[in-house]
Structure formats: structure tokens, C-alpha cells
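Engineer: sequence first, predicted model second:
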Amino acid sequence: MTRPSSTTSSTMWVAIDIAKVHNQVLVEFPNGRRRHFRMANTLGDFTKLATFLAGSGCTCRIAFEATGDYHRPLAHFLLAQGLDPCLVSSIAVARTRDALFNSWDKNDPKDAQVILHLLKAGTTQVYYDPLENHSNDLQELANTYQQISLGKVRLYHSIVTHYLPLYFPEAERYLHTPRAE
């Protein structure tokens, strides 16, 4: 019979719930013990985290949920340190939280537990840093296009639901024809 320690790798699992000011970090050591802590979104705390991970002597698997653009500095820093962070889908986190805790209640420590669960299950996505992969300009262009499209739709809806019925009610019948645009 083989010893359990000979077949398991020494992997340290790190789940990070990203926020604007402070990130919630949940670390699970190879022996199953867990440690929770908060870290600020600052270079000093990023360095402390990298030192902690490097000093463990374990293989580190890191995952986080992308939150706006707040995840980008930490992810870029981890990539620069030679670590390989993964993304976890926001929808997967929400649905798994509902399934695991039978509640929609959201808080950062609970989300870190859900991210850890998804990381250990292998349901993560590869993180591509837009700066490292030279796609930052394309990403910014896509974001600009999205904002312009959103503004166009808002303007159209305000015209159709407010101004036309108020000032030109006879134009209603022309809006739903194939040649309306």
C-alpha cells in the first residue's frame, strides 16, 4: 500500500476575492489547513504576498475573480513574479455560492471560499494580461465601442419612449416598419 503523502503533490491553493481597496485572500496549505487574511491593493502588500508564497516551498495555484479593472495590477504583478494566476468566472462564482450555501448572500470571505472550491475543481480560465500580450489597445477600443453603443441605445430609447409620443404621436406607426432605421 502506498503512503498518501507519496501520491499527493505539495500544492498550495490561493483564492483571492478582488475589491477596490482590500482583497480577501484564502490560502489552503498542502496539509489542508487554511489561512484567511486581507491585503490592500498596494505594491507593498503585493510584495508581502509574493514573499509569503515564495517562502512556502510549494507549488502555488492562484485564482481570482476579475472585478472591473481592480484585478489587473495584482495579476500583472503575479505574472512578473513568475506565478501563473487563473481567472474564475463571475457567473460561476455566483451560481456556486448559491449551490454551496443555499443563499444568494454575498460577502468577501464567502466568495474566497467559493473561488477556492472552483480552483480545486479545475473550473478556471487562463488569464491573459493585455499589457503582456499587446492587446491593451484592442481591449480599450472594444470598451470604447461598447460605451458608444450603450449611449446610442439610451438615446434611441429616450426618443422613442419620451419625445416622440409627447411631441409627434403620429410618428409611432412608422417606428415599427422594416424601413424604420
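Structural biologist: Received the coordinates, thanks.
Engineer: domains of this protein?
Structural biologist: Domain assignment for the chain, taken from automatic domain parsing, gives 8-126, 136-175.
Engineer: ranking these by burial, who's on top?
Structural biologist: Highest mean neighbour count of the domains of the chain: domain 8-126, a mean of 16 (counted as mean count of other CB atoms under 10 Å). Every C-beta, even on glycine, is put in place using the N, C-alpha and C of the backbone.
Engineer: that one - what's its average pLDDT?
Structural biologist: Averaged across domain 8-126, pLDDT comes to 88.
Engineer: next one: stretch 129-138
Structural biologist: The model assigns stretch 129-138 a mean pLDDT of 74.
Engineer: go through that stretch and flag the buried ones.
Structural biologist: Buried residues in stretch 129-138, counted by 16 or more other CB atoms under 10 Å: D129.
Engineer: that stretch: how far from the chain's middle?
Structural biologist: 17 Å (CA atoms, centre = their mean, to the nearest Å).
Engineer: what strands line up against the strand or helix carrying W13, and which way round?
Structural biologist: Here W13 sits within strand 11-17, counting by DSSP states H and E. Taking DSSP bridges as the criterion, strand 11-17 sits next to strand 22-28 (antiparallel), strand 59-65 (parallel) in its sheet.
Engineer: list the contacts of the one residue sitting closest to the centre of the chain.
Structural biologist: The centroid of the chain falls nearest to A66 when counting by CA atoms, centre = their mean (1.6 Å). Residues in contact with A66 (CB atoms under 8 Å, 6 or more residues apart in numbering) are I18, L87, S90.
Engineer: as TSV, these with distance to K110 would be great.
Structural biologist: Below are the contacts of A66 laid out as TSV (distance: CB to CB, whole Å):
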residue	distance to K110
I18	14
L87	19
S90	14
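Engineer: quick revisit: what does the residue nearest to the centre of the chain show for phi and psi?
Structural biologist: Here is the backbone geometry of A66 (degrees, to the nearest 10): phi -70, psi 130.
Engineer: next one: L87
Structural biologist: Backbone geometry at L87, expressed as degrees, to the nearest 10, gives phi -100, psi 150.
Engineer: now do the contacts for it.
Structural biologist: L87 sits in contact with A63, F64, E65, A66, T124, Q125, V126, Y127, where contact means CB under 8 Å, 6+ apart.
Engineer: cheers, nothing more for now.
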